[in-house]
Each structure stands twice: as structure tokens, then as C-alpha cells.
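A.B. asks: Sequence and computational prediction follow.
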Amino acid sequence: MKRTVLTLAALACLGACKEEIAEIPLPVNMTVEAVSYYCQMSVLEHGGPKAQIHLEGMPAPLFFAQVRDAMAFLKSPERDHRVVVTYVSDMGSALDWSTPGIDNWTVADTAVFVIEGGIRGGMGAPEVVPFADQTKAEAFVTRYGGRIVSLEEIPDDVVIGPVDPDIPLTEPTS
């Protein structure tokens, strides 16, 4: 009897633990209805990598036409909801710069990012270019310049603040 009570108590605890584990939402494919959070323009109308941020209690993610903008959102203290997960385009599996893909998402926390490479993003500002594969990021740096960092290592000044219009930026070629 005592063993049965202990077993039931242990199962009840396990059940309670299971309920506390929040499910991470899966990435949402980009469609014509996906509009960029800041500019309200269709994300499909712009080249370069994209991002989506899922917020606690919100039924749909916030889309961003440029990863730089999503990183600025993440660094902003002015959010009403907790970030559950952030997905970014895996540019290592993108068809090309102008066609980054609608479903090749990778979790931002595990991605690597090329910064300071002088690459123009979808909205014209310097871009933070995400990759799921370190080797593909290294090949990008060899071709276009910049440096590779993790999400936590992206400096505030790379994503927040004004963009100098006199700095020449390029758009990667296929």
C-alpha cells in the first residue's frame, strides 16, 4: 500500500512537471500575408534574410524584413510580452540573396551571424546574416568580409541606432 501511494505521488509530480514545460512554437512559413513588424511591408518583397519572433500569449509571430530589425527588437526593453523563440533565415540553405526561402528557419539561439560585412539587408541597412552552419558562415566571410558571432555577441551598435548613408553596402550575388 505504502509503495502504491509513493508511486502515485511520484507520477503526480511528473505530471505537474510536464505541464510546466512550455511548448516552443514551430516556425511559420512566410506568405504574402507576412508583413514586417516595423514598416508593415510584405517581407516577401525584400531580399536578404528574415526573422520571426514568437511572443508569449500572441497567436502569430512578428515578422521582420531584415534580421537587423529583429535583433534591435530583441535588445529593446520596451516589450509587453516575453520572447518564446526567435527564428532566422538560414542563409546557408537559401536559394540566393533575393530568394532567402520561406521555410528554411533556424533557431536564433543556435545560429551564427555574420556582422560588419558591409552587406545590405532587405530594408537597405547593414545586415546581420544568419547561418545554421558555421562552415557556410565562414565561406560567406571569405567572400564578403565581416566576422562571425553568436546571438549574444551581436553588439548593440550593430543593430540599434542610425545608419550612415555614406557607408557603401553591397548585395551578395548568387
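C.D. replies: Received it, and whenever you're ready, just let me know what you need.
A.B. asks: Just the buried positions in stretch 129-140, please.
C.D. replies: Val129, Pro130, Phe131, Ala132, Lys136, Ala137, Phe140 (16 or more other CB atoms under 10 Å). C-beta here means a position set from N, CA and C on the backbone, and glycine is covered the same way.
A.B. asks: Can you tell me which of these is nearest Thr31?
C.D. replies: Pro130 (20.3 Å; CB to CB).
A.B. asks: Could I get the contacting residues of the closest one?
C.D. replies: Pro130 sits next to Pro49, Ala51, Val67, Val88, Ser89, Asp90, Met91, Thr106, Ala108, Ala111, Val112, Phe113 when contact means CB atoms under 8 Å, 6 or more residues apart in numbering.
A.B. asks: Pull the contacting residues for the third one.
C.D. replies: With contact taken as CB under 8 Å, 6+ apart, Val67 is in contact with Gly48, Pro49, Lys50, Ala51, Val88, Ser89, Phe113, Gly121, Glu127, Val128, Val129, Pro130.
A.B. asks: Of the buried residues of stretch 129-140, which belong to strands?
C.D. replies: Counting by DSSP state E, the buried residues of stretch 129-140 place Val129, Pro130, Phe131 in strands.
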